[in-house]
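[1] this one's sequence-less:
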Ligand SMILES: NC(=O)C1=CN([C@@H]2O[C@H](COP(=O)(O)OP(=O)(O)OC[C@H]3O[C@@H](n4cnc5c(N)ncnc54)[C@H](O)[C@@H]3O)[C@@H](O)[C@H]2O)C=CC1
Ligand SMILES: O=C(O)C(=O)COP(=O)(O)O
């Protein structure tokens with residue numbers, strides 16, 4: 001096991017939002033025991049206080065790492081998002097501070113797709129309404145508004161990891177699958193890509209959203225889009241709360257333009273399980289409301305814990321940034337019998353020349369060097385003989401444009 005410049009017991013890790021214990025076990029197995037574990041997210045002022053002292057932080061979708069929070073995070077080396085979405089982190093601000101951000105891009109995708117498939121079946125049969133009525137003592141045995149999924153058209157918006165899996169499962173129960181995506185996509189099964197959103201909305205019996213939160217997806221579905229949907233269509237959103245205009249949806253349900261909906265994510269979500277959930281959708285029996293649990297299964301959470309904690313330990317132990325979402329990706333071999341210097345710098349001309357000249361002046365032999373850049377930063381990793389490591393770190397830290405320098409032995 002490699003050592004880091006700071007001994008591992010001094011490396012502080014803050015895990016928020018009840019990430020799975022598999023994360024704690026993975027960190028401990030790799031020698032990291034200085035872990036603070038909280039079941040909830042923190043209000044911004046408390047987060048600012050706690051983040052000052054930590055080297056790694058683990059969050060889920062509720063914790064917002066804004067520029068203000070990152071300004072306080074003087075020691076922070078990396079962020080682990082124990083989920084898919086990274087919109088809750090100011091990725092650019094993190095990058096400019098040399099803080100790498102990792103996530104788990106696949107581990108909960110099956111869970112979301114399975115939930116949505118179940119919701120499609122329940123909504124097509126009008127079950128949410130019948131269920132709510134039965135709970136109130138009313139008996140609504142009728143085939144009115146009840147349909148098989150077989151032969152119906154599912155329109156998927158965002159044909160990525162979740163959208164594709166949902167498409168395959170829906171075809172397996174006889175649905176016709178069409179999708180809209182801003183990229184040209186390899187279609188799986190018999191799915192068909194349509195060229196514009198309006199066309200998809202006009203043709204689908206069920207629309208399901210699987211896009212990330214971006215400026216372009218904000219209110220992607222509003223009044224105008226609902227207007228062109230089929231009378232009696234169903235809308236499902238398990239992506240991000242900003243993607244659907246909830247007031248427009250509530251109005252469409254009021255006027256019975258839509259037969260039902262399933263919504264897992266909301267523009268404003270309670271910060272903890274103790275806070276009241278407020279939404280204009282609460283009054284509708286034909287809407288399945290779930291508290292952002294699309295990816296919340298034991299299987300997904302356990303795998304995410306292992307995956308993201310693994311990425312954090314690898315970055316800490318060896319410097320690898322493979323799959324980082326905001327950082328140039330460098331894949332590195334194991335470090336053996338040498339010291340490794342990790343240098344994050346502003347991407348400007350001459351940085352590498354400065355480094356190489358400084359090393360040459362001090363007779364420091366470079367055993368291996370790896371560099372990746374993007375339009376904003378450069379990440380260079382240099383393996384040197386351990387005898388020279390301290391002077392090399394000093395020289396590196398003095399290079400103009402340095403954001404961060406770290407050493408591993
Ligand atoms: N409810 C929950 O608990 C969960 C929600 N999610 C959300 O689901 C989203 C999707 O997840 P994945 O399928 O894994 O992501 P992905 O990145 O694999 O796929 C997203 C797809 O959306 C497309 N896209 C982007 N902007 C678009 C636009 N304006 N119009 C149409 N298509 C667009 C992309 O090209 C891509 O194909 C995540 O970003 C996350 O926000 C993810 C996991 C759990
Ligand atoms: O993975 C995602 O993007 C999700 O939305 C799941 O978020 P969560 O970990 O359940 O807070």
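    Now that the structure is in, tell me what you want to look at. These figures come from a predicted structure and were not determined experimentally. Ligands and ions are numbered 1, 2, ... in the order given.

[2] can you pull the contacts of the nearest residue to residue 256 once chain neighbours are set aside?
    Nearest non-adjacent residue to residue 256, counting by Cβ to Cβ, 6 or more residues apart in numbering: residue 232, 8.0 Å away. All C-beta spots, glycine's among them, are computed from the backbone N, C-alpha and C. Residues near residue 232 by Cβ atoms under 8 Å, 6 or more residues apart in numbering: 145, 256, 258-259.

[3] Show the pLDDT at residue 232.
    Residue 232 carries a pLDDT value of 98.

[4] Spell out which two among the contacts of residue 232 are the most distant pair, please.
    For the contacts of residue 232, the maximum inter-member distance is 11.7 Å, found between 145 and 258 (Cβ to Cβ).

[5] So between the two, which is more surrounded?
    The residue with more neighbours, out of residue 145 and residue 258, is residue 258; 24 against 15, by other Cβ atoms under 10 Å.

[6] close enough to count as contact, that one and residue 250?
    No: here residue 258 does not reach residue 250: they are 10.2 Å apart, not a contact under Cβ atoms under 8 Å.

[7] so what's the residue of the stretch 101-250 of the chain found nearest ligand 2 closest to, chain neighbours aside?
    Nearest to ligand 2 in the stretch 101-250 of the chain, going by Cβ to the nearest ligand atom, is residue 108, at a distance of 5.3 Å. Leaving out its chain neighbours, the residue that sits closest to residue 108 by Cβ to Cβ, 6+ apart is residue 295, at 3.1 Å.

[8] tell me the contacts of the residue of the stretch 151-300 of the chain found nearest ligand 2?
    At 4.0 Å from ligand 2, residue 295 is the closest residue in the stretch 151-300 of the chain, using Cβ to the nearest ligand atom. Listed by Cβ under 8 Å, 6+ apart, the contact partners of residue 295 are 83-84, 108-109, 111-112, 301, 304.

[9] tell me the SS of residue 178?
    Under DSSP: H, G, I helix; E, B strand; the rest coil, the three-state class of residue 178 is strand.

[10] Could you find the closest non-adjacent residue to the residue of the stretch 101-250 of the chain found nearest ligand 1?
    Taking Cβ to the nearest ligand atom, ligand 1 has its nearest neighbour within the stretch 101-250 of the chain at residue 160, 1.7 Å off. Spatial nearest neighbour of residue 160, chain neighbours left out: residue 210 (6.3 Å); criterion: Cβ to Cβ, 6+ apart.

[11] Which elements pack onto the longest helix seen in the chain?
    Counting by DSSP state H, the longest helix found in the chain is helix 298-318. Packing partners of helix 298-318 (3 or more Cβ pairs under 8 Å, 6 or more residues apart in numbering; DSSP states H and E): helix 21-29, strand 56-59, strand 78-81, strand 100-102, helix 109-124.

[12] quick one: contacts of the next helix or strand after the last one?
    Tracing the chain past helix 109-124, the next element assigned as helix or strand by DSSP states H and E is helix 127-135. By Cβ under 8 Å, 6+ apart, the residues outside helix 127-135 that reach it are 122, 139-140, 260, 285-288.

[13] Likewise for stretch 362-372?
    Contacts with stretch 362-372, where a contact means Cβ under 8 Å, 6+ apart, come from 321, 328-330, 332-333, 338, 352, 356, 359, 378-385, 388, 391-392, 395.

[14] Pull out the buried members of these.
    Among the contacts of stretch 362-372, those scoring as buried are 321, 328, 330, 332, 338, 352, 359, 378-384, 388, 392, 395 (criterion: 16 or more other Cβ atoms under 10 Å).

[15] ok so, going back, from the contacts of helix 127-135, which is closest to residue 20?
    Residue 20 has its nearest neighbour among the contacts of helix 127-135 in residue 288, at 25.3 Å by Cβ to Cβ.

[16] Pull the contacting residues for the closest one.
    By Cβ under 8 Å, 6+ apart, the neighbours of residue 288 are 119, 122-123, 128, 260-263.

[17] In which helix or strand does it reside?
    Using DSSP H and E, residue 288 sits in strand 287-289.

[18] what does residue 145 give?
    Under DSSP H and E, no helix or strand contains residue 145.

[19] Tell me how many other residues crowd the closest residue to it other than its chain neighbours.
    Nearest non-adjacent residue to residue 145, counting by Cβ to Cβ, 6+ apart: residue 126, 4.5 Å away. Using other Cβ under 10 Å, residue 126 has 20 other residues around it.

[20] mind checking how far residue 126 is from residue 234?
    10 Å (Cβ to Cβ, to the nearest Å).
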